[in-house]
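Colleague: got a predicted structure here, sequence first:
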Amino acid sequence: MSTLHHHVARSDQHQAHPGKSPPSDRVALLLAGGDGMRLRELTSEIAGAPIPKQYCRLLQGTSLLEAALSRAQIVFPCECINVIINESHLDLARDQIKTLPNSNIFVQPMNRDTGPGIVFALLQLQRTHGDATVAVFPTDHYVDKNWAFITHVVRAMNAIACFPERISILGVVPDRLETGYGYILPSIPMKTPDLAYHVESFTEKPDTDEARGIIARGGLWNTFVMIFRLSRMLELLHQMVPHEIEKLSVLRDSPGKAAELYRAIAPWNFSTRILSRIPEHLIVFRVANVSWSDWGTRESVERTYTALKLVPSWKMSKAIGNNPLQDKATENLLAIR
């Protein structure tokens, strides 16, 4: 463990605790607009059809979307939780997000990567919530301890209350060399009640040598869980991607024009186009005492099962010739606690 990781780990023993409910100007945004193409073979084995991974029962009866929603509900009431999905996913999503008000479900015509999807959702939130504090949650990640994870989210929200010009982001200590993730390199500590760090650099999907060097200097994996004041993020977006924002801004008051507009815009990635270019505006919190994984590939999913000393249901299904999703005894045996 690097000197920085050791220092941060000790400081993380003092943590905030989730309250019963956040202030009314705090809202959650769940990102569920991905197509999950790399996991289509696996989701076909489990669900019988190549569905996007966030809707698949990868957690033995629970989807990643439902797991993310459960985490958010620890501190956000349902009326403060919003989700963005694709129009083609409505049938898959409907039952999994039925606890949310219809007005909190933002439907984009198609996936145009994380950039347009986040902007589309933020414009809807600006129309309904003004200058709220927004907590963004991906819905394709595994987290083993929801309460502990949300404690870190609360720390980050509290920091934004003190530093509204900053963007809080959660980082995880890498346990291996991985070139498919984003890396955050912390610099000096900030003067905050819950220890946060300024950010020296943000590197999206570095090559092997670069990733190795970042890890050696105390770099963290980007969880893509972000907390910010809505007005500040929109201000930064106007600075970083002015042409893209100009095109999408019409959707704030006219979301019905999304179908035509989305056909005309190019995909762009939020981490590459925004986060990697604004390290001076970021502050990072280290996620401690939580197991986290981006389930973007079959290997990452099965790596988590191996760490938990569990046999993936799809492997057992092949071995014993049945479908464990329909076998209650097997489901109980493999349930992730």
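Modeller: Cool, the structure landed.
Colleague: report all helices and strands that the host helix or strand of residue 128 contacts.
Modeller: Element membership for residue 128 (DSSP states H and E) is helix 114-129. Here helix 114-129 touches strand 26-32, strand 81-86, strand 105-108, strand 133-138, helix 230-240, helix 242-248, helix 270-273, going by 3 or more CB pairs under 8 Å, 6 or more residues apart in numbering; DSSP states H and E. Every C-beta, even on glycine, is put in place using the N, C-alpha and C of the backbone.
Colleague: residue 88 looks like it's in a helix, true?
Modeller: Yes: per DSSP: H, G, I helix; E, B strand; the rest coil, residue 88 lies within a helix segment.
Colleague: isn't it up against residue 107?
Modeller: No: the criterion here is CB atoms under 8 Å, and residue 88 misses it with residue 107 at 9.7 Å.
Colleague: centre-most residue in the chain?
Modeller: Nearest residue to the geometric centre of the chain (CA atoms, centre = their mean): residue 138, 2.3 Å.
Colleague: dump the residue contacts of it.
Modeller: Counting by CB atoms under 8 Å, 6 or more residues apart in numbering, residue 138 touches 31, 68, 223, 224, 225, 294.
Colleague: tell me the pLDDT of the closest residue to the first one other than its chain neighbours.
Modeller: It refers to residue 31. Spatial nearest neighbour of residue 31, chain neighbours left out: residue 138 (5.2 Å); criterion: CB to CB, 6 or more residues apart in numbering. Residue 138 is assigned a predicted lDDT (pLDDT) of 98.
Colleague: what about residue 138, distance to residue 277?
Modeller: As judged by CB to CB, to the nearest Å, residue 138 and residue 277 stand 20 Å apart.
Colleague: equivalent analysis for residue 35, please.
Modeller: From residue 35 to residue 277 the distance is 25 Å (CB to CB).
Colleague: over to residue 298?
Modeller: For residue 298, the distance to residue 277 - CB to CB - is 32 Å.
Colleague: distance of residue 162 from residue 120?
Modeller: 29 Å.
Colleague: I meant to write residue 189 there.
Modeller: 35 Å.
Colleague: okay, these two: which has more neighbours?
Modeller: residue 120 (23 against 14; other CB atoms under 10 Å).
Colleague: hang on, the more buried one packs against residue 107?
Modeller: No: applying CB under 8 Å, one finds residue 120 not in contact with residue 107, separated by 9.4 Å.
Colleague: identify the contacts common to the two.
Modeller: Joint contacts of residue 120 and residue 107 (CB under 8 Å, 6+ apart) are residue 84.
Colleague: and the strands in this protein?
Modeller: Along the chain, the stretches classed as strands by DSSP state E are 26-32, 81-86, 105-108, 133-138, 141-143, 167-172, 182-189, 197-204, 220-229, 282-286, 292-294.
Colleague: pull the distance from the last one to the chain's centre.
Modeller: Think strand 292-294. 10 Å (CA atoms, centre = their mean, to the nearest Å).
Colleague: partners of that strand in the sheet?
Modeller: strand 141-143 (antiparallel) (DSSP bridges).
Colleague: and the second one, by the same measure?
Modeller: Strand pairing for strand 81-86, determined by DSSP bridges: strand 26-32 (parallel), strand 105-108 (parallel).
Colleague: quick one: distance of that strand to the chain centre.
Modeller: 12 Å.
Colleague: just the first one next, same as before
Modeller: Taking CA atoms, centre = their mean, one finds strand 26-32 lying 9 Å from the centre of the chain it belongs to.
Colleague: do the same with the longest one
Modeller: Going by CA atoms, centre = their mean, the spacing between the C-alpha centre of strand 220-229 and its chain's C-alpha centre is 8 Å.
Colleague: specify the angle between that strand and strand 26-32 in degrees.
Modeller: 130 degrees (axes from the mean of the first three to the mean of the last three CA atoms, to 10 degrees).
Colleague: measure how strand 220-229 sits relative to helix 114-129, angle-wise.
Modeller: Going by the same axes, to 10 degrees, strand 220-229 makes 30 degrees with helix 114-129.
Colleague: swap in the fourth one?
Modeller: Calculated by the same axes, to 10 degrees, strand 133-138 forms an angle of 140 degrees with helix 114-129.
Colleague: next one: strand 133-138 to chain centre, how far?
Modeller: Mean-position distance between strand 133-138 and its chain equals 8 Å (CA atoms, centre = their mean).
Colleague: send over it as CSV, restricted to the C-alpha atoms.
Modeller: Extracted C-alpha coordinates of strand 133-138, given in CSV (Å, rounded to 0.1, in the frame of the first residue of the first chain):
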residue,chain,number,x,y,z
THR,A,133,-27.1,19.2,-5.3
VAL,A,134,-27.0,16.1,-7.5
ALA,A,135,-25.5,12.7,-6.6
VAL,A,136,-24.9,10.6,-9.7
PHE,A,137,-24.9,6.8,-9.4
PRO,A,138,-23.9,4.4,-12.2
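Colleague: renumber starting at 872 from here on
Modeller: Yep, numbering from 872; the last one is strand 1004-1009 now.
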